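Trainee: Here is a sequence together with a model predicted from it:
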There are 2 protein chains.
Amino acid sequence: MASRRVIGVDVGGTKLLAGVVDARFGVHHRAQRSVVGLDQSALLDMAVDAVREARDAAGGEVAAIGFGIPCLIDQRTGTAVIAVNLSLADIPFRDVMAERLGLPVFVDNDGNVTALAEHQAGAARGAREAVILTIGTGIGAGLILRGELYRGSIGAGAELGHMVIDMDGPRCQGNCPNYGCVEALASGTALVREATRLARERPRSGLGRALAAGRDPSGPLVTELAHDGDAVAIEALTLIGARLGVAIASLVNIFNPEIVVVGGGVIAAGELLLAPARAVVAERALPPSRDVVRIVAARFGAEAGMVGAAMLAFNGLARLAEEA
Amino acid sequence: MASRRVIGVDVGGTKLLAGVVDARFGVHHRAQRSVVGLDQSALLDMAVDAVREARDAAGGEVAAIGFGIPCLIDQRTGTAVIAVNLSLADIPFRDVMAERLGLPVFVDNDGNVTALAEHQAGAARGAREAVILTIGTGIGAGLILRGELYRGSIGAGAELGHMVIDMDGPRCQGNCPNYGCVEALASGTALVREATRLARERPRSGLGRALAAGRDPSGPLVTELAHDGDAVAIEALTLIGARLGVAIASLVNIFNPEIVVVGGGVIAAGELLLAPARAVVAERALPPSRDVVRIVAARFGAEAGMVGAAMLAFNGLARLAEEA
């Protein structure tokens, strides 16, 4: 079955990416859609449409569909229970998609499928204990524990982005009812907010001038200016990296992992983000865990979720074959 | 080998408890020692002495010794790397004790052995995913994930007490270099500190009068007065319970556990501690995890660590027999 192909679908907070993926994780046909502002029904239509486009481009021969969605999932039923940054709630996502697409459907949290990709073929390859963080609009996460994805008792676990690091801190994003979560303080959204605040305080900085010239504040803009040496952009990334370090120090104490992998859009900042995070972990985490952990950038970039969703489908097909 | 017996030793921040335990977890001979103020060498002597007393009382027939120690452990070598609330650092504890006692020695973190006890025969029995917290001088913890104790990559994991809940909070206790850990804010030590502060503000409260009458502020005193209805003692427990709830909400998001078990000295307060913790979890954790988790008191009281250390020794002997 090495020639089998599946479709991996990464549903993000801003866009949806589908692709036909072969057993060696090569991506052959891609279809992308914007999902900004869509309600649940329009989002499902958009997903079906993107899958059909990719399938048609591949000549129709795909064995299954894997979805990574930024949502808490009840794996007992394949239900998407609640999404923090997207209009998805209380929908039997797996069954609805299987019926509309006429193929086996496997669904998991986007953080989990990204962790699958990094563990099976990326920066965490070979690790038995790994924490994989995806810093984008929100903070997604996946856990590899004893060599396997950890999902929790009903599949809703590994929401590391909703670990509180400041109990009296600001309300978290979207549908999260919590306060001071690491997602509220160290996500891409938080980076843009902090960078904008700093740029207003220092209008003559590179970022201050860019915003005054009408450019939209965004993660990529902050990162670009930081790489160019702008002090304000660097300071914003240092602040976010240090907060991320507080969260990673806790995760190091909790999991004693071999490796913490940081991916998502914000990791384009590279060492500007990771160096302050590592410094905080060295200061605040307990030995011996702090001394054995490596904190590294993800291997997979923007396609980690899609490739991981395809791996989920391949793994699901293999499980079905075993059970048959 | 059902008639085999082992010695379980619980090394706490204030006292050491050894006991001869049979295969049904019945405790037959106990030896207790104070460890307050002991340096490492005196602490080891005291442990050896207590084990010998228990062994002699049992007529000498024990097959192994299990230790639960409040220490981060490198399981590759059985080294006690660092203890937050005790004088133990960088000592090959397992090998030193095996040599001095002439028996197989198994050692694990006190939080882990307590989790073993609660999982094998206590409140978490039958659970696949369980978080076990022990609230005493510090906050110990153990994780049952996929039905087994989770230790991390080298055995130093599950330090849930050193998860930060207030990143700009007070310096943590003892040897922990961190700030705003849940141990710093919601341990028995924090309870006594907050209760004392409240009693000073309200000297006519029950606790205020008790302290003015010369009674030492302590967890048991606060709990006793709270059970008697003293508003200040109840308020202190409510505050600690709510902070514990912030930590448990994060743990619920991280692990999606079936059950969170709360033990240790402070659980003598029962619902006065657990009810505010549950209320915060209901408010702050994400569905569906918050809706499936049960938050309950531990079954084992003061002997959980000793019984769990004995279970560790039984499990270790079984593993050695399999390997032979």
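Mentor: Arrived safely. Numbering: from 1, shown residues only, chains lettered A, B, ... in the order given.
Trainee: wait, does the helix or strand in which residue A:236 is found contact chain B?
Mentor: Under the criterion of DSSP states H and E, residue A:236 resides in helix A:231-255. Yes. Remark: helix A:231-255 sits within contact range of chain B at A:243, A:246, A:247, A:249, A:250, A:253, A:254, A:255, by C-beta under 8 Å from any C-beta of the partner chain. For every residue, glycine as well, the C-beta is placed using N, CA and C.
Trainee: where does the stretch 151-300 of chain A come near chain B, residue by residue?
Mentor: So the stretch 151-300 of chain A meets chain B at A:151-160, A:162-168, A:176-179, A:243, A:246-247, A:249-250, A:253-258, A:283-289, A:292 (C-beta under 8 Å from any C-beta).
Trainee: all strands for chain A, in order.
Mentor: Assigned by DSSP state E, the strands in chain A fall at A:5-11, A:15-22, A:27-34, A:65-69, A:72-74, A:79-82, A:89-91, A:105-109, A:130-135, A:139-145, A:148-149, A:259-263, A:294-297.
Trainee: hey, what's residue A:82 bridged with?
Mentor: residue A:72, residue A:89 (DSSP bridges).
Trainee: Tell me if I'm right that it and residue A:89 touch.
Mentor: Yes. Residue A:82 lies in contact with residue A:89 (C-beta atoms under 8 Å); the separation is 5.3 Å.
Trainee: For the one residue in the stretch 101-250 of chain A that gets nearest to chain B, grab the count of nearby residues.
Mentor: Nearest residue of the stretch 101-250 of chain A to chain B (C-beta to the nearest C-beta) works out as residue A:152 at 2.5 Å. By other C-beta atoms under 10 Å in any protein chain shown, 28 other residues sit near residue A:152.
Trainee: give the contact list for it.
Mentor: Neighbour list for residue A:152: A:158, B:129, B:255, B:256, B:257, B:289 [criterion: C-beta atoms under 8 Å, 6 or more residues apart in numbering or on different chains].
Trainee: circling back: the residues of the stretch 151-300 of chain A next to chain B in helices, which ones?
Mentor: A:243, A:246, A:247, A:249, A:250, A:253, A:254, A:255, A:283, A:284, A:289, A:292 (DSSP state H).
Trainee: Next, the buried residues of the helix holding residue A:236.
Mentor: Buried residues in helix A:231-255, counted by 16 or more other C-beta atoms under 10 Å in any protein chain shown: A:232-255.
Trainee: Residue A:41: how many residues sit nearby?
Mentor: Residue A:41: 10 neighbours (other C-beta under 10 Å).
Trainee: just for chain A, where's the confidence low?
Mentor: Low-confidence segments of chain A (pLDDT under 70): A:1-3.
Trainee: and if we set it to 50?
Mentor: For chain A, residues meeting the criterion pLDDT under 50 lie at A:1-2.
Trainee: check contacts around the closest residue to the residue of the stretch 101-250 of chain A closest to chain B other than its chain neighbours.
Mentor: Among residues not flanking residue A:152 along the chain, residue B:256 sits closest, at 2.5 Å (C-beta to C-beta, 6 or more residues apart in numbering or on different chains). Residue B:256 makes contacts with A:151-159, B:129, B:289, B:292-293, as judged by C-beta under 8 Å, 6+ apart.
Trainee: 10 Å instead, please
Mentor: A:72, A:74-75, A:150-159, B:129, B:285-286, B:288-290, B:292-293 (C-beta atoms under 10 Å, 6 or more residues apart in numbering or on different chains).
Trainee: Compute the inter-axis angle for the helix holding residue A:236 and strand A:130-135.
Mentor: On the basis of axes from the mean of the first three to the mean of the last three C-alpha atoms, to 10 degrees, helix A:231-255 is oriented at 150 degrees to strand A:130-135.
Trainee: could you redo the strands of chain A as CSV and give each row distance to residue B:104 and mean neighbour count?
Mentor: Listed next are these as CSV, based on distance: least, C-beta to C-beta, whole Å; neighbours: other C-beta atoms under 10 Å in any protein chain shown:
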stretch, distance to residue B:104, mean neighbour count
strand A:5-11, 50, 28
strand A:15-22, 50, 23
strand A:27-34, 53, 15
strand A:65-69, 47, 30
strand A:72-74, 44, 26
strand A:79-82, 47, 22
strand A:89-91, 53, 16
strand A:105-109, 43, 28
strand A:130-135, 32, 30
strand A:139-145, 28, 28
strand A:148-149, 30, 18
strand A:259-263, 33, 26
strand A:294-297, 34, 17
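Trainee: Now the buried members of the residues of the stretch 151-300 of chain A next to chain B.
Mentor: Among these, those scoring as buried are A:151-160, A:162-167, A:176-179, A:243, A:246-247, A:249-250, A:253-258, A:284-289, A:292 (criterion: 16+ other C-beta under 10 Å).
Trainee: Across the sheet, point out what pairs with the closest residue to residue A:69 other than its chain neighbours.
Mentor: Leaving aside its chain neighbours, residue A:69 sits nearest to residue A:11 (4.5 Å; criterion: C-beta to C-beta, 6+ apart). Residue A:11 has the following beta-bridge partners by DSSP bridges: residue A:16.
Trainee: my guess is residue A:11 meets residue A:51, correct?
Mentor: No. Assessed by C-beta atoms under 10 Å, residue A:11 is found out of contact with residue A:51, at 11.1 Å.
Trainee: overlap in contacts of the two?
Mentor: Counting by C-beta under 10 Å, 6+ apart, the common neighbours of residue A:11 and residue A:51 are A:18, A:67.
Trainee: Against residue A:87, how distant is residue A:189?
Mentor: Using C-beta to C-beta, to the nearest Å, one gets 17 Å for the distance from residue A:189 to residue A:87.
Trainee: Give me the more crowded residue out of these two.
Mentor: Applying other C-beta under 10 Å to residue A:189 and residue A:87 shows that residue A:189 carries more neighbours, namely 22 against 16.
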